[in-house]
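Student: Coordinates for the following, if possible.
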Amino acid sequence: MQRITVILTLKLNQQKEQSEQGSRVSNRPHNYKKEEAEPWQDNSNRHSPRPHKEQYRPQQQDYESESFNTSNRPNKSNEDNNEGWQTVGKPSRQTHKVPKDNWNSYKLPADEQQYSNEVEVGARVEPSQDELADLSRACEKLWDLDLNRLVPGKDYEIDCGEGKKVYQKEDMAQGSLFTWVSDDVFRKPTYARFLSLLDNYNPHQGSKEVVTSEEKQEQASFIEEISRTAPIKYLHKFLASKGITSGSLQDFKRLLTSLWFDLYSRCGTSGSSSACEHVFVGEIKQNSEVSGFHNWLQFYLEEVKGNIDYQGYIFPRRRGSTADSETQLLTIQFEWNGVLKSVSSTLVGVSPEFEIALYTLCFFIGQEDNHIQIGPYAVNIKCYRLGNQIGSVFPIADS
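Tutor: From the prediction side, this is the model:
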């Protein structure tokens, strides 16, 4: 009798154990699988965004501080200590960092900084009568003068993935848009100074911006640096010929600074936006839409940090045309911090000075629609005004 009791007790305990194990298994997601370590390629000369799909989705209060100090978002102190970015839902791993060798010096007064030598282009920056009469010819000249434009396959590589229609919700990209970008790109003076501007803004639309004295120095030093390049020299001579600015370089630099960095009201909040923030950095509306964000360098930086989920390129209107690794005018779809940008167009690999010159020229000389030719691309530069400021400006591929 005692033996039977022991056997029954053992069986009951065994059944209880099996029941508890089954309960634990049933609580797992249906698609649960043990996470495996993924290899991460290290290449000292290239910055490679890691493939990811897990995205940090910030709440409104997260935008109200200068950095996102949450457990799901890379901590800025980690970035400064080169401890690597952490992607949500994946173990932390070391990744490539954008060289920031000179960024601290950009915060010094502009007249105390060192700049590149003036570009020797001579008469090439003098606009011809044909160019003064034809915006498209002038824009094509800017393309030719962009000596800092990158070469696909040499300076960077992209993987466009598969194309899609705007209304398609499927993610057509297996990984990130950028496969790698050369370290040398981030040491180019105009690129480095432009990159140092991108973390100066609060992306939550409607939040009042606070511009520090150091940020003003970064703005001034960026304008000073690009004023030494061929596209900006050409822009100055063009606008002076039209009477929009004087021949004084100082007056011209003040015009550029005001146009791109002066704060204005958007969504009813004064001092909450600027041309630079909207066009290049991007803003997130209160109705959870991404607005602006038309710069490839900002896209790359956010993709490296794990804040961008690239979802494929939008099919061009012209049938039979597809995007590939050589394409430098892209229309894409992505999520930024979990918020969808269903259609966004950008010029890939162009220099910061080229974009500033192109968009400034279209703002002062053009209309809302500016159908032009730049290099191999037929483009409509769409330009929206907010009084005497740039509301938005971006390229659209012409059919």
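Student: what bits of the protein have low per-residue confidence?
Tutor: The chain contains residues with pLDDT under 70 at 1-97, 99, 101, 103, 120-123, 317-322, 399.
Student: who's in contact with the closest residue to Gly247 other than its chain neighbours?
Tutor: Excluding the flanking residues, the one nearest Gly247 by CB to CB, 6 or more residues apart in numbering is Ala240, at 5.1 Å. Heads up, the C-betas are built off the backbone N, CA and C, glycines and all. Shown in contact with Ala240 (CB atoms under 8 Å, 6 or more residues apart in numbering): Ser246, Gly247, Phe252.
Student: Help me confirm that Ala240 is found in a helix?
Tutor: Yes - judged by DSSP: H, G, I helix; E, B strand; the rest coil, Ala240 forms part of a helix.
Student: Dihedrals phi and psi, the closest residue in space to Tyr156 that isn't next to it in sequence?
Tutor: Of all residues not flanking Tyr156 in the chain, Val181 sits nearest, at 4.4 Å (CB to CB, 6+ apart). Per-residue torsions, Val181: phi -140, psi 130 (degrees, to the nearest 10).
Student: As a check, name the ranges of all strands in the chain.
Tutor: 46-47, 156-158, 163-164, 178-182, 264-266, 269-273, 283-284, 290-291, 308-314, 329-336, 339-347, 369-374, 377-386, 389-397 (DSSP state E).
Student: Let's have these in a markdown table, adding distance to Phe354 and mean neighbour count.
Tutor: Compiled in a markdown table, these are given as follows (distance: least, CB to CB, whole Å; neighbours: other CB atoms under 10 Å):
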| stretch | distance to Phe354 | mean neighbour count |
| --- | --- | --- |
| strand 46-47 | 21 | 20 |
| strand 156-158 | 16 | 21 |
| strand 163-164 | 26 | 18 |
| strand 178-182 | 17 | 20 |
| strand 264-266 | 24 | 18 |
| strand 269-273 | 23 | 17 |
| strand 283-284 | 23 | 24 |
| strand 290-291 | 23 | 19 |
| strand 308-314 | 22 | 23 |
| strand 329-336 | 13 | 22 |
| strand 339-347 | 8 | 18 |
| strand 369-374 | 9 | 18 |
| strand 377-386 | 12 | 17 |
| strand 389-397 | 12 | 20 |
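Student: Can you check which of the ones you listed gets nearest to Val211?
Tutor: For Val211, the closest of the strands of the chain is strand 269-273, at 8.7 Å, according to CB to CB.
Student: so how many other residues sit close to the residue lying closest to Glu283 once chain neighbours are set aside?
Tutor: Closest residue to Glu283 apart from its sequence neighbours, by CB to CB, 6+ apart: Gln205 at 4.2 Å. Around Gln205 there are 23 other residues, counting by other CB atoms under 10 Å.
Student: swap in Ala133?
Tutor: 10.
Student: One more: Thr212?
Tutor: So Thr212, with other CB under 10 Å, has 11 neighbours.
Student: With Gln219 as the reference, measure out to it.
Tutor: 11 Å (CB to CB, to the nearest Å).
Student: now do Ile158
Tutor: In terms of CB to CB, Ile158 sits 29 Å off from Gln219.
Student: picking that back up, which of the strands of the chain sits closest to Ser258?
Tutor: Relative to Ser258, the nearest member of those by CB to CB is strand 389-397, separated by 8.7 Å.
Student: strands paired with the closest one, and their directions?
Tutor: Partners of strand 389-397 in the sheet, by DSSP bridges, are strand 377-386 (antiparallel).
Student: what's the neighbour count on the closest residue in space to Asp324 that isn't next to it in sequence?
Tutor: Ranked by CB to CB, 6+ apart and with sequence neighbours excluded, the top spatial neighbour of Asp324 is Cys160, at 6.2 Å. Neighbour count of Cys160, defined by other CB under 10 Å: 20.
Student: I'd like the distance between Cys160 and Ile396.
Tutor: According to CB to CB, Cys160 and Ile396 sit 17 Å apart.
Student: ok, now which ones touch Ile390?
Tutor: The contact partners of Ile390, taken as CB under 8 Å, 6+ apart, are Leu259, Trp260, Ala275, His278, Val279, Tyr359, Phe363, Cys383, Tyr384.
Student: Which one of these is nearest to Thr331?
Tutor: Nearest to Thr331 among these: Val279, at 16.1 Å, using CB to CB.
Student: ok, that closest one to Leu263 distance?
Tutor: For Val279, the distance to Leu263 equals 14 Å [CB to CB].
Student: So for the two, which sits in the more crowded spot?
Tutor: Each of Val279 and Leu263 has its neighbours counted (other CB under 10 Å); Val279 has more, 23 against 18.
Student: distance of the more buried one from Ser116?
Tutor: Per CB to CB, Val279 is found 24 Å from Ser116.
Student: quick one: Arg266 and Ser273 touch, right?
Tutor: Yes - in this structure Arg266 lies within contact range of Ser273 using CB atoms under 8 Å: 3.8 Å.
Student: Kindly point out which residues are neighbours of both of those two.
Tutor: Residues within reach of Arg266 and of Ser273 at once, by CB under 8 Å, 6+ apart, are Gln205, Glu283.
Student: Widest-spaced pair of the contacts of Ile390?
Tutor: Between all members of those, the farthest pair (by CB to CB) comes out as Trp260 and Tyr384, at 14.9 Å.
Student: Quick one: the helices in this structure, in order.
Tutor: Ranges of helices in the chain, per DSSP state H, are 2-26, 76-80, 129-133, 135-145, 189-197, 213-226, 230-241, 249-261, 275, 296-305, 352-365.
Student: Just put the ones you listed in TSV and tack on distance to Gln389.
Tutor: TSV is the format used below for those (distance: least, CB to CB, whole Å):
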stretch	distance to Gln389
helix 2-26	58
helix 76-80	30
helix 129-133	25
helix 135-145	20
helix 189-197	17
helix 213-226	15
helix 230-241	16
helix 249-261	7
helix 275	6
helix 296-305	20
helix 352-365	9
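Student: Name whatever forms a beta bridge with the residue nearest to Tyr156.
Tutor: His47, Tyr156.
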